[in-house]
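Novice: Predicted model, plus sequence, below.
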Amino acid sequence: MTALEEFRTKARAWLDENCPQSIKGPGGVPVGGKKLAVKDVDAKRWLDLCAGKGYTVPMWPKQYGGAGLSKDEYLILLEEMRRINARSPLQGMGIGLIGPTLNEFGTADQKQRHLPPIARGEIRWCQGYSEPNAGSDLASLQTRAVAKEDNFIINGQKIWTSGADRSDWMFCLARTDPNAPNHEGISLLLLDMDQPRVTTRPIRLISGDSPFCETFFDNTIARKDDLVGPKNRSWAIGKRLLQHERSGIRILMGGAVKPARLENPFLQLIKTYGADSALTNQIISYRWSGVSRDGLENLDRWLGQMKIRPAC
Ligand SMILES: Cc1cc2nc3c(=O)[nH]c(=O)nc-3n(C[C@H](O)[C@H](O)[C@H](O)COP(=O)(O)OP(=O)(O)OC[C@H]3O[C@@H](n4cnc5c(N)ncnc54)[C@H](O)[C@@H]3O)c2cc1C
């Protein structure tokens, strides 16, 4: 038996022994953090068991809460999870975005302080990138961070901060040199959201949901030892984090359950939104304008996630 075959046998046995029945199939996946308790007992048990085994972040080093798996071992683990249709134990920006970035660029101290709590699902992170006048043109961001003694003092505003009101920590791009060219005066800072100098204001969507916030900094503090990479030179690291966001690593880690393909997307849309609804007509007109079947399914899934089930 090769080492990989042996790994598969052990992983399969562990999953068969430990994965609760209710975790096999579609359902919720915890995002972690101190502010939202995981109410589902099985999901909590699955999270804790996987965290103990290093399976919330299988490829991270063991010392930071991972299982230290090679890429091949990780793919086998995913195959074995798919075999029993097991859901991921944990999802979110901690394991998907800032965790991999700290693994690559963080100091030893940053890794030791931040990675194990992420792996255990104890801390939820949010992303402080977009600003009212810095969206696609992110490098024009104006939030200022000024070094003072052991800290950076941050002032400014972010927008579209997903889950900011339910997050414990933020990774934040701020301008630390206003005189440098746009891309060269930016630093990536980690800050505790539980301080009086941070205010979050949920943005209410027409669905009634508030998945994002405006976030305001009023002399907010980030410790100097929570600067990721060199001061004024964090732009490349901030972009690297966005690669993790785009690359699908989050999808790999965020759910082993195979997405259900719609039998007939048109029929599904009509069933969900009604044959005469403005939304159905609009989506079907997108279809005729060249959106692929996958695009249509993604749109439908997205609308579902945003809880847009209107009677329109
Ligand atoms: C579901 C969701 C979750 C998000 N969560 C977060 C989060 O947690 N944290 C965070 O920081 N941000 C978040 N964002 C914000 C997202 O990153 C922004 O939408 C993005 O930065 C775009 O900015 P904007 O909305 O201001 O659009 P704009 O930059 O104003 O762009 C508007 C439109 O103009 C187009 N456009 C812009 N510039 C040009 C140009 N030069 N030439 C031609 N066309 C152009 C764009 O393609 C777009 O269609 C989230 C967004 C979504 C949709």
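Specialist: Here it is on my side, so go on.
Novice: What ranges does this structure have for its helices?
Specialist: 3-18, 41-53, 71-83, 93, 99-105, 108-119, 235-247, 249-254, 265-273, 278-288, 293-305 (DSSP state H).
Novice: for the third one, which positions count as buried?
Specialist: So the one you mean is helix 71-83. If you call a residue buried by 16 or more other CB atoms under 10 Å, then helix 71-83 has these buried ones: 73-74, 76-78, 80-81. (C-beta placed from N, C-alpha, C; glycine too.)
Novice: when you check the ligand, which of those turn up near it?
Specialist: When CB under 6 Å from any ligand atom is applied, no member of the buried residues of helix 71-83 is adjacent to the ligand.
Novice: out of those, who's nearest Tyr129?
Specialist: Distance to Tyr129, by CB to CB, is smallest for Tyr74 among the buried residues of helix 71-83, at 27.7 Å.
Novice: Report the beta-bridge partners for Arg201.
Specialist: Following DSSP bridges, Arg201 is listed with bridge partners Glu214.
Novice: next one: Val146
Specialist: Ile153.
Novice: Against the ligand, how distant is it?
Specialist: 21 Å (CB to the nearest ligand atom, to the nearest Å).
Novice: Might one say that that residue is in contact with Ile153?
Specialist: Yes. At 5.1 Å, Val146 counts as touching Ile153 under the criterion of CB atoms under 8 Å.
Novice: From the neighbour counts alone, determine which of these two ranks first.
Specialist: For the pair Val146 and Ile153, the greater number of neighbours falls to Ile153 (17 against 14), based on other CB atoms under 10 Å.
Novice: Is it correct that the more buried one is in contact with Asp218?
Specialist: No. Taking contacts as CB under 8 Å, Ile153 lies outside contact range of Asp218: 9.8 Å.
Novice: Averaged over its residues, which helix or strand of this protein has the lowest pLDDT?
Specialist: Lowest by mean pLDDT, DSSP states H and E among the helices and strands of the chain is helix 249-254, with a mean of 45.
Novice: Perfect, I'm done here.
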